[in-house]
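Q: below: sequence and its predicted model.
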Amino acid sequence: MTTITLPPEIETPLAEAARQQGTTPEQLALETLRRSFVPKENGTLEMPGETLYDFLKDYIGKFDGTGEAFSEDCGKRFTDALVEKHKKQKAAGS
């Protein structure tokens, strides 16, 4: 068995959260640790509050594009590319 001494910046919010949930700080800490470190039956860990957004939020908006609007007129551009490809194949075959 391990004893963990919590610093005040963890102990105080843990005690408040436990009070709000109607449990003890010890029970809440154990539940949270179990979710984070004890695998479920399928072998995965539950990460409370973790969503795909939470995982990627630091990367959203961090990449610069080319400035070209690739989503505009995509049907016409696709058709033009197919026609050009067909012309090249026809020219190569003759």
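A: Yep, it's here.
Q: just give me the neighbour total for residue 85.
A: Other residues within reach of residue 85, judged by other Cβ atoms under 10 Å, total 10. Where you see a C-beta, it was placed from the backbone N, CA and C, and this is true even at glycine.
Q: so how far is residue 93 from it?
A: The gap separating residue 85 from residue 93 is 12 Å, by Cβ to Cβ, to the nearest Å.
Q: again, but for residue 58
A: Computed as Cβ to Cβ, the residue 58 to residue 93 distance reads 52 Å.
Q: how far does the helix or strand of the chain at the bottom of the mean pLDDT ranking sit from its chain's centre?
A: Scoring the helices and strands of the chain by mean pLDDT, DSSP states H and E places helix 52-56 at the bottom, with a mean of 75. Helix 52-56 has its C-alpha centroid displaced from the chain centroid by 3 Å (Cα atoms, centre = their mean, to the nearest Å).
Q: alpha carbons of it, as PDB, please.
A: Once non-C-alpha atoms are left out, helix 52-56 reads as follows in PDB (Å, rounded to 0.1, in the frame of the first residue of the first chain):
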ATOM      1  CA  LEU A  52     -10.600  14.400 -29.500                       C
ATOM      2  CA  TYR A  53     -10.900  18.200 -29.200                       C
ATOM      3  CA  ASP A  54      -9.100  18.100 -25.800                       C
ATOM      4  CA  PHE A  55      -6.300  16.100 -27.400                       C
ATOM      5  CA  LEU A  56      -6.000  18.300 -30.500                       C
END
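Q: what lies in contact with that helix?
A: With Cβ atoms under 8 Å, 6 or more residues apart in numbering as the test, helix 52-56 has no contacts from any other residue.
Q: then stretch 21-31 to CSV, C-alphas only?
A: Provided in CSV are the C-alpha atoms of stretch 21-31 (Å, rounded to 0.1, in the frame of the first residue of the first chain):
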residue,chain,number,x,y,z
GLN,A,21,-20.3,14.6,-5.0
GLY,A,22,-21.2,13.4,-1.6
THR,A,23,-18.2,11.2,-1.1
THR,A,24,-14.9,11.3,0.7
PRO,A,25,-11.6,12.7,-0.8
GLU,A,26,-10.1,9.3,-0.5
GLN,A,27,-12.9,7.6,-2.4
LEU,A,28,-12.8,10.2,-5.1
ALA,A,29,-9.0,10.0,-5.5
LEU,A,30,-9.2,6.2,-5.8
GLU,A,31,-12.0,6.3,-8.4
